[in-house]
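Asks: kindly generate the corresponding structure for this input.
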Amino acid sequence: MASKKNEKIYVLGGKRFSAPTYKIIQSFGRVIGLESYAYKLKDQDVLKINGVLSAIPGTNFVNVMSLICSNEEKKCQLFTDDKHLIYRDEMHFTQEGARFVAGKFVSLLNEKIPEPKD
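Replies: Residues are numbered from 1 along each chain as shown. Predicted structure coming up:
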């Protein structure tokens, strides 16, 4: 694959929970506090791998997990803003979830990539 000097390489990190989201919801048994409970169930192996990926020189790492999880609030969204599940299991997005996360990803890219100057 030919490399071009001005191209940016983006490395996308993993986005896995330790259990399917329906089991997270069932085991917690209520909606209030669910996002904090889900935060505790982020897959630790994926977090370690993301740490390694983020250290690759010359790349722009995108932590996909951070698009739905806030380390500041210690919460992970399991539902889109219009109440659709984001994940269909522990790591695969639903169609609605994929659209939701893609929107967040595009917003992130727009923040990082300046508009071309005329």
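Asks: and the worst-scoring helix or strand of the chain on mean pLDDT, what does it pack against?
Replies: The weakest-scoring helix or strand in the chain, judged by mean pLDDT, DSSP states H and E, is strand 10-12 (a mean of 86). Applying 3 or more Cβ pairs under 8 Å, 6 or more residues apart in numbering; DSSP states H and E, we find strand 10-12 packed against strand 60-62. The way it works is simple: take the backbone N, C-alpha and C, and place the C-beta from them, glycine included.
Asks: what strands flank the strand it packs on, and is each parallel or antiparallel?
Replies: Neighbouring strands of strand 60-62 in its sheet, by DSSP bridges, are strand 10-12 (parallel).
Asks: returning to what we had before: now the element after the least confident helix or strand of the chain, going C-ward?
Replies: Sequence order places helix 21-28 as the next helix or strand after strand 10-12, per DSSP states H and E.
Asks: and that next one, what's buried?
Replies: Going by neighbour count (16 or more other Cβ atoms under 10 Å), the buried part of helix 21-28 is 21, 24-25, 28.
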